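Novice: model the following, please.
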Amino acid sequence: SSHRGPASASRSIGSLKAPDSPRDLTATAPSAPSTEAQALAHYHAALAHQASGRVGAAVRHFRAALALQADFPAALCSLARAQSSICDWSSREATLVSVRASLVRQLDEGACPALQPFDAFAVPLE
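Specialist: As a prediction, the model looks like this:
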């Protein structure tokens, strides 16, 4: 019969070779997500929260995305929109200044602005 007992199993385990160096262990370890990927994950989480009516949670995720990637026009404009929808005026002036600067930069670069047309009414463009 080909039945292997505990002694056979321990011999097999004992014959496993340990890595030669710590580098061997890290070669197969997954790398941490990039800052940009983390910011994008927060942005998408914010959109999901916002769509399901949890706007306060959305604001927290938009802020987290911007903390990770300051130049993230879509997150910035979405933050301004979300804050307005729940009457959060705590950082409105600073947010609008940032939205305006981002909008001007996008237009100067010939990029499609992240600011939605209706939201543009709330941003002083002077």
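Novice: list the contacts for the residue lying closest to residue 84 once chain neighbours are set aside?
Specialist: Excluding the flanking residues, the one nearest residue 84 by Cβ to Cβ, 6 or more residues apart in numbering is residue 122, at 6.3 Å. Every C-beta, even on glycine, is put in place using the N, C-alpha and C of the backbone. Neighbour list for residue 122: 80, 84, 96 [criterion: Cβ atoms under 8 Å, 6 or more residues apart in numbering].
Novice: also residue 116?
Specialist: Contacts of residue 116 by Cβ under 8 Å, 6+ apart are 77, 81.
Novice: same thing but 10 Å
Specialist: Contacts of residue 116 were listed using Cβ atoms under 10 Å, 6 or more residues apart in numbering, and they are 74, 77-78, 81.
Novice: repeat for residue 30
Specialist: No contacts exist for residue 30 under Cβ under 10 Å, 6+ apart.
Novice: SS state for it?
Specialist: The three-state label given to residue 30 by DSSP: H, G, I helix; E, B strand; the rest coil is coil.
Novice: got a winner among the contacts of residue 116 for most neighbours?
Specialist: residue 78 (25 neighbours; other Cβ atoms under 10 Å).
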